[in-house]
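1. Sequence unavailable; structure follows:
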């Protein structure tokens, strides 16, 4: 089965769990851990290259990263492209076309503080580019109403659904509502749109089993895996500089790690 079709089907039942990666190596570790598909985190990719999140990463580096992940793993790949790295929908469409040619079968694209009508135009351009390439691109429309407090608490469900309808009409495949944690509100979002709902993992979020019961179809770790890894790496390096110690109970030993990275697809 083609990866674009498979990725679409992964959203039709159950809960697709995505522990976001940021390069070929972390893609292989995600696959080893049982991932059914791969997703990048824009923050993690940017940090891995020494850039800050927030559309600061040069798109050439993102394309290079995408090609590296596709080389390392045959799993379906969706890429976080923030706001599309451009305000002009035509430029976004051209960039999405490059991503599709590199092997991407899904994207996340966000509205942020910009007018939702702008994201709708970007989604339409992305859809046109994917259609021209003959790829059923999964366009996950990230609605930042919760994440950026773009509506009063009692109005967030309604505003999210208003935007979701606009994005779906433009060609979106799914709705990503990062920041929503209330079960009743998640259920209302599920009921209010025919698009699969994606939520972002949070410390007090319901269990995966409960999310599935509520109708949520995708759970993303976001930048959390990168934050954990870089936090542990910082502590490890500080300890090494202070003591010279290199032991650690969570070490992935050289032989095993090298074997994993040397394995052909």
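-> Nice, I can see it. The shown structure was predicted, so the numbers you read here are calculated from the model rather than taken from an experiment. Numbering: from 1, shown residues only.
2. Next secondary structure after the helix ranked longest in the chain?
-> In the chain, taking DSSP state H as the definition, the longest helix is helix 224-243. Per DSSP states H and E, helix 224-243 leads on to helix 254-262 as the next helix or strand towards the C-terminus.
3. What are the contacting residues of that following helix?
-> With C-beta atoms under 8 Å, 6 or more residues apart in numbering as the test, helix 254-262 has contacts from 25, 28-29, 32. From N, CA and C alone the C-beta is placed, and that goes for glycine too.
4. Apply 6 Å and report the result again.
-> residue 28 (C-beta atoms under 6 Å, 6 or more residues apart in numbering).
5. That helix: how far from the chain's middle?
-> With C-alpha atoms, centre = their mean, to the nearest Å as the basis, helix 254-262 stands 26 Å off its chain's centre.
6. Next, the buried residues of that helix.
-> When burial is assessed from 16 or more other C-beta atoms under 10 Å, helix 254-262 yields no buried residues.
7. Pull out the buried positions in stretch 10-21.
-> By 16+ other C-beta under 10 Å, the buried positions in stretch 10-21 come out as 10-11, 15-21.
8. With stretch 166-177 instead?
-> Neighbour counts over stretch 166-177 (16+ other C-beta under 10 Å) mark 166-168, 170-177 as buried.
9. And that stretch, end to end?
-> End-to-end span of stretch 166-177 (C-alpha to C-alpha, to the nearest Å): 15 Å.
10. now for whichever helix or strand residue 189 is part of, which elements pack on it?
-> Assigned by DSSP H and E, residue 189 belongs to helix 183-192. If contacts are counted by 3 or more C-beta pairs under 6 Å, 6 or more residues apart in numbering; DSSP states H and E, helix 183-192 sits against helix 156-170.
11. Could you list the residues in contact with the helix it packs on?
-> Here helix 156-170 makes contact (C-beta under 6 Å, 6+ apart) with 116, 120, 123-124, 141, 143, 145-146, 151, 175, 177, 185, 188, 192-193, 195.
12. pLDDT and distance to residue 212 added to the buried residues of stretch 166-177, as TSV?
-> What follows is these, written out as TSV (pLDDT from 0 to 100; distance: C-beta to C-beta, whole Å):
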residue	pLDDT	distance to residue 212
166	98	27
167	98	23
168	98	22
170	98	28
171	98	27
172	98	22
173	98	19
174	98	16
175	98	16
176	98	17
177	98	16
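13. just curious, which of those residues is nearest to residue 248?
-> residue 176 (34.7 Å; C-beta to C-beta).
14. Next, the closest one: phi, psi?
-> Per-residue torsions, residue 176: phi -110, psi 120 (degrees, to the nearest 10).
15. burial of residue 188, as a residue count?
-> A count of nearby residues for residue 188, using other C-beta atoms under 10 Å, gives 18.
16. Nearest spatial neighbour of it, chain-adjacent residues omitted?
-> Leaving aside its sequence neighbours, residue 188 sits nearest to residue 157 (C-beta to C-beta, 6 or more residues apart in numbering; 4.8 Å).
17. where do the helices sit along the chain?
-> With DSSP H as the criterion, the chain has helices at 3-9, 24-32, 42-48, 59-72, 89-102, 116-132, 156-170, 183-192, 208-214, 224-243, 254-262.
18. Among these, which comes closest to residue 201?
-> Of all the helices of the chain, helix 224-243 sits nearest to residue 201, with 6.4 Å by C-beta to C-beta.
19. give me the number of residues near the residue nearest to residue 185 when sequence neighbours are not counted?
-> Nearest residue to residue 185, sequence neighbours excluded (C-beta to C-beta, 6+ apart): residue 157, at 5.3 Å. By the criterion of other C-beta under 10 Å, residue 157 has 23 neighbours.
20. how far away is residue 157 from residue 175?
-> To residue 175, residue 157 is 12 Å away according to C-beta to C-beta, to the nearest Å.
21. Same check on residue 86?
-> According to C-beta to C-beta, residue 86 and residue 175 sit 22 Å apart.
22. residues in contact with residue 46?
-> With C-beta under 6 Å, 6+ apart, residue 46 has these contacts: 53, 57.
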